[in-house]
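Student: sequence unknown, structure follows:
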Ligand code: B4P
């Protein structure tokens, strides 16, 4: 079965880690806006140049920029192919734009997986990863941005009956098994 899934959760909850795993075991397109933006930064494209400083501060890149990337990738996906969106949407305008795009494509979201984890563990995981935007001040700011802008999506998707919370404590395999169980 070709699933259409969305991964939601605070920075460092393991969205990227779990999304990669599930996409490879289930043959889904893995669309991570964070990875796509980092690839643009690495390539030094005009889009990457615009995104770089914003990401380094732990803020959200403009909706227009992110939406352009997602639209292009989802439209390019073969009809009926499954996908997994990781790190997108990150605020209500992005969620509303996604809903309009998916209605246009006739591909509704099947399930929204919410990865839940305490701040102390999130901060530890991100500090040990050590990416350019993983220093303590920026991490704290990313958590604030998550609470203010992304967390309202929990209510938005719960109201639509799509939300499934998952405990993101434990090993990668344990969390992966919890997510797989939701799909069965
Ligand atoms: P993202 O790339 O989405 O990254 P993230 O939220 O920080 O991390 P994630 O939850 O995916 O954690 P991961 O699996 O890597 O965003 C980065 C920036 O991009 C944003 O701040 C923003 O500027 C920009 N951006 C992205 N999307 C955007 C959008 N839609 N709109 C606007 N701006 C956008 O795991 C973290 C670490 O934990 C890893 O080192 C991993 O190995 C480790 N880990 C994972 N699972 C573990 C486990 N079970 N136990 C121990 N460690 C674990």
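Tutor: Structure's in. What do you need? Quick caveat: nothing in here was measured; it's all calculated off a predicted structure.

Student: what residues sit buried inside the least confident helix or strand in the chain by mean pLDDT?
Tutor: Sorting the helices and strands of the chain by mean pLDDT, DSSP states H and E puts helix 63-76 at the bottom, at a mean of 90. Across helix 63-76, burial judged by 16 or more other C-beta atoms under 10 Å covers 63, 65, 66, 67, 69, 70, 74. (Each C-beta comes from the backbone N, C-alpha and C, glycine too.)

Student: near the ligand too, which of those residues?
Tutor: residue 66 (C-beta under 6 Å from any ligand atom).

Student: closest to the ligand among the buried residues of helix 63-76?
Tutor: residue 66 (4.2 Å; C-beta to the nearest ligand atom).

Student: so where does the residue of the chain found nearest the ligand fall, helix or strand?
Tutor: Nearest to the ligand, among the residues of the chain, is residue 34, at 1.8 Å (C-beta to the nearest ligand atom). Following DSSP states H and E, one finds residue 34 within helix 33-43.

Student: how about the helix or strand that comes right after that helix: buried residues?
Tutor: Proceeding N to C from helix 33-43, the next assigned helix or strand is helix 46-57, under DSSP H and E. Buried positions in helix 46-57, judged by neighbour count with 16+ other C-beta under 10 Å: 47, 48, 51, 52, 55.

Student: can you check what angle separates helix 46-57 from helix 63-76?
Tutor: Angle of helix 46-57 versus helix 63-76, following axes from the mean of the first three to the mean of the last three C-alpha atoms, to 10 degrees, is 120 degrees.

Student: tell me what helix 46-57 is packed against?
Tutor: Judged by 3 or more C-beta pairs under 8 Å, 6 or more residues apart in numbering; DSSP states H and E, helix 46-57 is in contact with helix 33-43, helix 63-76, helix 136-145.

Student: say whether the ligand is contacted by it.
Tutor: Yes - Helix 46-57 is in contact with the ligand by C-beta under 6 Å from any ligand atom, via 54, 55.

Student: how about residues contacting that helix?
Tutor: For helix 46-57, contacts defined as C-beta atoms under 8 Å, 6 or more residues apart in numbering pick out 37-42, 60-62, 65, 69, 132-133, 138, 141.

Student: separation between the one residue sitting closest to the centre of the chain and residue 134?
Tutor: Nearest residue to the geometric centre of the chain (C-alpha atoms, centre = their mean): residue 87, 1.5 Å. Noted for residue 87: a distance of 15 Å to residue 134, by C-beta to C-beta, to the nearest Å.

Student: many thanks, we can stop here.
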